[in-house]
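Chemist: the sequence and its predicted three-dimensional model are supplied below.
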Amino acid sequence: MAKQTNGTDSVYRVTEIIGTSTKSWEEAAKNAVETAARSLRDLRVAEVIKTDVTVENGKVKAFRARVQLSFKYQG
């Protein structure tokens, strides 16, 4: 995905990660983004593309959010 900004060319990468939480899908997405932000610079967009739960003994054990992140390549 490429984007024009202020007359200069930029390059962005999109990667997919999965966050988990025992509380909610929102918390799972937040965990994914905040963890990725520790090692990726210039995050631009995070899009939740899928949600699901893990089940153990008939009960929800964890919420999972699959997130696509885009970040700018440094040049």
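Modeler: Sure, I can see it.
Chemist: now the most centrally placed residue in the chain: closest residue in space that isn't a chain neighbour?
Modeler: Nearest residue to the geometric centre of the chain (Cα atoms, centre = their mean): residue 67, 3.6 Å. With sequence-adjacent residues excluded and distances taken as Cβ to Cβ, 6 or more residues apart in numbering, residue 67 is closest to residue 32, at 4.6 Å. From N, CA and C alone the C-beta is placed, and that goes for glycine too.
Chemist: from residue 9, how far out is that neighbour?
Modeler: Here residue 32 is placed at a distance of 29 Å from residue 9 (Cβ to Cβ, to the nearest Å).
Chemist: higher neighbour count, those two?
Modeler: residue 32 (23 against 9; other Cβ atoms under 10 Å).
Chemist: who's in contact with that one?
Modeler: Shown in contact with residue 32 (Cβ atoms under 8 Å, 6 or more residues apart in numbering): 17, 18, 19, 46, 65, 67, 69.
Chemist: doesn't the fifth one lie inside a strand?
Modeler: This points to residue 65. Yes - counting by DSSP: H, G, I helix; E, B strand; the rest coil, residue 65 is found in a strand.
Chemist: isn't it up against residue 18?
Modeler: Yes - here residue 65 reaches residue 18: they are 7.0 Å apart, a contact under Cβ atoms under 8 Å.
Chemist: tell me, please, where in the chain the pLDDT is lower than the cut-off.
Modeler: Low-confidence segments of the chain (pLDDT under 70): 1-8, 75.
Chemist: rerun that using 80 as the cut-off
Modeler: 1-9, 73-75 (pLDDT under 80).
Chemist: for the residue of it most remote from its centre, phi and psi?
Modeler: Largest separation from the mean C-alpha position in the chain: residue 57, at 28.7 Å (Cα atoms, centre = their mean). In terms of degrees, to the nearest 10, the main-chain angles of residue 57 are phi 50, psi 40.
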